[in-house]
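**Student:** Provide a 3D model corresponding to the input given below.
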Amino acid sequence: DWLRQHVHPGDPLALRFDLQTAPETNLERALRPERANSSEAQSRQSIWNEVVQAVSGGPWLVHNGSTKIDGAEEGFNLKSFVDTRHPRTALGVCGDGEILLVTVDGRQPQSRGVTLKELAEVMAQLGAVEAINLDGGGSTTMWISGGYVNAPSDGAPRAVADALLVYANPTGQAGPSLAGTPDPSQQGPPNPPPISLQAGESVPIPAPSTVSAPGTVWGTLEGTAFVDQAGTLTAIHSGSGTAIASHSGAMLRIPFVVNPGPPAALHVSLGPAPNNPPDRSRLHISVVDRYGNGTPDVRVTVTVRSGTPDASQVLTGPNGRADVEIVWDRAQGAVQVTAGALSAHLQR
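**Tutor:** Now for the predicted structure:
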């Protein structure tokens, strides 16, 4: 409430963070015995004086070259978080100082996610001698060279307030020519026809041979689908999008359209009719594929006991939904809805 009264769009803000080092825990002493001496402990406070940016995470995954997950000690729920497969994000350091930024997709048919034990094993296999878990779940997102190279589990990138950014100076080396769809703001050849696929399908993206040049990064502009680094597109969410291939500042754009799969589930519910008359109800119908995408143009049959529907057959709209109004003869009644082999029953 105070912010709404005193801060307005466009007002400059100054943020202050007062960070203090907490006393070293027994776990920290066990993990870093070299820091247990008094001189080291005294220097811990001065470390924060030099911090310009910081990122938090946990639990540990790899320490001193061995997997070590301290989820229980740090208060993470073992059953729902540590030992359950989720999308994950991790940060690691190799013995030669190389930094590893790793994301693992999850909650999707093409990738179920990993437990923290499995994530620790991945980081160790990649060469990490130190690694820590960062914010995962629907926040697991990786963006490289102008596009998303993973498929966030929410179906689109989540609106989060923070990110870990890595910048690099341009090499100045000329890359291969990526002939294809240009930046819409630039003049050039017309857009190629979109790739069409059904939700759940994986299809190779037709592209010039130059796209296979070393250093090319595949991804999507919207983060609603997944393109592996061999150029194969996998999508489970219906709608349109853009696959991209980037190299040395050049970008090839390939539009695609994901169509819903065949009907897999029928959902129905009764709600009030407009103006809420006591003898009328609005029947809400939804037909979706196995991924929850609305399935259009599905013929639905409605049978009512102790009432009359305004239509006994309807087609679902573009979002897979349809509504039928029912006038009831009695206070109690029933509705039977069928769509092909799918059926649902409601009691009033």
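**Student:** could you list every residue that touches the spatially most central residue of the chain?
**Tutor:** In the chain, the C-alpha closest to the average C-alpha coordinate belongs to residue 152, at a distance of 1.6 Å (Cα atoms, centre = their mean). Going by Cβ atoms under 8 Å, 6 or more residues apart in numbering, residue 152 touches 87, 105, 138-141, 158, 223. C-beta coordinates here come from the backbone N, C-alpha and C atoms, glycine included.
**Student:** at 6 Å what do you get?
**Tutor:** 141, 223 (Cβ atoms under 6 Å, 6 or more residues apart in numbering).
**Student:** repeat for residue 241
**Tutor:** Residue 241 neighbours (Cβ under 6 Å, 6+ apart): 220, 222, 224-225, 256.
**Student:** Show me what the helix or strand hosting residue 335 is packed against.
**Tutor:** Assessed by DSSP states H and E, residue 335 sits inside strand 334-339. Secondary-structure packing of strand 334-339 (3 or more Cβ pairs under 6 Å, 6 or more residues apart in numbering; DSSP states H and E): strand 299-305, strand 342-347.
**Student:** And it, what's buried?
**Tutor:** 335, 337-339 (16 or more other Cβ atoms under 10 Å).
**Student:** okay if I get the residues you listed as CSV plus pLDDT?
**Tutor:** Below are those laid out as CSV (pLDDT from 0 to 100):
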residue, pLDDT
335, 98
337, 98
338, 98
339, 98
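**Student:** Name the residues linked to the residue nearest to residue 338 when sequence neighbours are not counted by a beta bridge.
**Tutor:** Among residues not flanking residue 338 along the chain, residue 301 sits closest, at 4.9 Å (Cβ to Cβ, 6 or more residues apart in numbering). Under DSSP bridges, the beta-bridge partners of residue 301 are residue 313, residue 338.
**Student:** count of neighbours near residue 301?
**Tutor:** Residue 301 has 15 neighbouring residues, counting by other Cβ atoms under 10 Å.
**Student:** roughly how far apart are it and residue 320?
**Tutor:** 16 Å (Cβ to Cβ, to the nearest Å).
**Student:** part of a helix, is residue 4?
**Tutor:** Yes. Under DSSP: H, G, I helix; E, B strand; the rest coil, residue 4 falls within a helix.
**Student:** Now do it, the pLDDT please.
**Tutor:** Listed pLDDT for residue 4 reads 79.
**Student:** With residue 137 instead?
**Tutor:** On the pLDDT scale, residue 137 is placed at 96.
**Student:** Could I get the contacting residues of it?
**Tutor:** Residue 137 neighbours (Cβ under 6 Å, 6+ apart): 86-87.
**Student:** Now do the phi/psi pair for residue 138.
**Tutor:** Residue 138 adopts backbone torsions of phi -70, psi -10, taken as degrees, to the nearest 10.
**Student:** What is the burial count for the nearest residue to it once chain neighbours are set aside?
**Tutor:** Distance criterion Cβ to Cβ, 6+ apart; nearest residue to residue 138, sequence neighbours excluded, is residue 154 at 4.3 Å. Number of residues near residue 154 (other Cβ under 10 Å) recorded here: 18.
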